[in-house]
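Student: return atomic coordinates for the entry below.
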Amino acid sequence: MKIRNYDYMKYWRVIRYYYKKKTGLTEPDLDLMFFLYSEDEFSKMKFEEFDTILGWKTTRFNSLLRDGWITVFRERKLKAKKLYELSPKGKRLINTIYKKMNGEEIPLDLNNDNVFHRDKLGFNDKRYIIMIKNMNEQVRKKWHEAHSTTTTSRS
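Tutor: Presented below is the predicted three-dimensional model:
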C-alpha cells in the first residue's frame, strides 16, 4: 500500500457541499473566507483584492459583514483605515472545515439534522448523504487502523 503524507482533498467536494448547505454560503464566499482566515486583520481593499477573481457579486462584503462572518476589528481613526477580521463564527467555521479535511467525521443525524431535513431531501442531498456516510466510515476505519497499529506495536 502506498503511503500518502497528504490526502486532504479527497472529500473536499462532500465537505464543501455540507457546509454550503449548513451555512447558506456560496463557494466564492467560502473561498474568500479561507483566504481571509490567514490574514488576521484586513482592509476592505485587501478583501476586494481576492474578491476580484471570484464571481461577480458586489454585495459580498456587506452580506458577510451583515451575517456575522466578518466583523470590524478597528474603526477608522485619522489616517488609519478601518480594519476587519473574520468573526469568531467565521474562524470557527473555517477551523471546523479544516478538521473535516484532516479526517474528522461530519455529524449526520437525519432525525435531528438542521442541514438535511428528512422530508425535504432532494436528489443531490440523497447522493451526498450516501457519500458522507461512506466518508465517515472511511474515517472510522483509518482511525481504528491507526490505533490498532499503535496498540499492537506497544505490546
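Student: so Thr58: helix, strand or coil?
Tutor: Using DSSP: H, G, I helix; E, B strand; the rest coil, the secondary structure recorded for Thr58 is coil.
Student: what's around it, how many residues?
Tutor: A count of nearby residues for Thr58, using other C-beta atoms under 10 Å, gives 7. Yep, even glycine has a C-beta here, placed from its N, CA and C like the rest.
Student: state the phi and psi torsions of it.
Tutor: Taking degrees, to the nearest 10, you get phi -70, psi -20 for the backbone angles of Thr58.
Student: again with Asp40
Tutor: Phi and psi for Asp40, reported as degrees, to the nearest 10, are phi 60, psi -110.
Student: quick one: residues contacting it.
Tutor: Contacts of Asp40 were listed using C-beta atoms under 8 Å, 6 or more residues apart in numbering, and they are Glu85.
Student: can you tell me how far it sits from Met135?
Tutor: Applying C-beta to C-beta, to the nearest Å, one obtains 31 Å for the distance of Asp40 from Met135.
Student: could you do Asn124 as well?
Tutor: As judged by C-beta to C-beta, Asn124 and Met135 stand 16 Å apart.
Student: looking at those two, which is more packed in?
Tutor: Counting neighbours by other C-beta under 10 Å for Asn124 and for Met135 shows that Met135 has the greater number, 21 against 10.
Student: make sure that one is indeed in a strand.
Tutor: No: assigned with three-state DSSP, Met135 falls outside any strand and is helix.
Student: now do the contacts for it.
Tutor: Tyr11, Val14, Glu105, Ile106.
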